[in-house]
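Undergrad: need a structure here:
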Amino acid sequence: MEPGSVSSTIIQMTELVLPQHTNQLGNLLGGQLMHWIDICAAMSGYKLNGKVCVTASVDKIDFHAPIHLGDVVSLIASVNRVFSSSMEIGVRVLAESYKEGRRVHSNSAYLTFVCIDDSGNPIKSRQVFPETEIESIRFEEALSRRQKRIEKREK
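TA: Now for the predicted structure:
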């Protein structure tokens, strides 16, 4: 399989925060955002491989700012790096209020996905190659995060 560029794995998803997505304070529920992040990341893996990719783990989701009722949420995912049987996918979340004229980087997340065949067995993923400086930085940082995940699992 020929490698694909990191940019060829970019998925952008847009959601409107509606009342059923919020808590009592009118802020987006963390679980709802996690659901959207997971879907966006899965589509990025699928775009690279043309096969279903499933969540193996979520490193962490950083919450930088609340997302409010009526905000437009943009999720941007891309495959940062592919390893032997897994891939790291990063998702950046932006919240925008058209009413207030503000746009903030509200969240970042790193997830590990595995590509599977029609029987649900893990299969090898296509590799990715970075083309820009920021993609190269994310590519290198993904290896460091993977090593930390492995060390944590071994403890």
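
Undergrad: and the longest helix for this structure?
TA: In the chain, with assignment by DSSP state H, the single longest helix is helix 133-154.

Undergrad: may I see the buried residues of that helix?
TA: 135, 138-139, 142, 145-146, 149 (16 or more other CB atoms under 10 Å). The way it works is simple: take the backbone N, C-alpha and C, and place the C-beta from them, glycine included.

Undergrad: can you give me the pLDDT of residue 77?
TA: pLDDT, residue 77: 98.

Undergrad: counting neighbours, what do you get for it?
TA: By other CB atoms under 10 Å, the residues close to residue 77 number 27.

Undergrad: my guess is it meets residue 91, correct?
TA: Yes. Under the criterion of CB atoms under 8 Å, residue 77 makes contact with residue 91 at 4.5 Å.

Undergrad: pull the contacting residues for the nearest residue to residue 10 once chain neighbours are set aside.
TA: Closest residue to residue 10 apart from its sequence neighbours, by CB to CB, 6 or more residues apart in numbering: residue 78 at 4.8 Å. By CB atoms under 8 Å, 6 or more residues apart in numbering, the contact set of residue 78 is 6-7, 9-11, 44, 89-90, 135, 138.

Undergrad: wait, a helix at residue 78?
TA: No. If the criterion is DSSP: H, G, I helix; E, B strand; the rest coil, then residue 78 is strand and not within a helix.

Undergrad: what pairs with it across the strands?
TA: For residue 78, the beta-bridge partners are residue 90 (DSSP bridges).

Undergrad: what's the spacing between it and residue 155?
TA: 30 Å (CB to CB, to the nearest Å).

Undergrad: note down every partner strand of the longest strand along the chain and its orientation.
TA: If each strand of the chain is counted by residues according to DSSP state E, the longest one is strand 102-115. Here strand 102-115 has these sheet partners by DSSP bridges: strand 53-63 (antiparallel), strand 87-97 (antiparallel).

Undergrad: I'm done for today, thanks for sticking with me.
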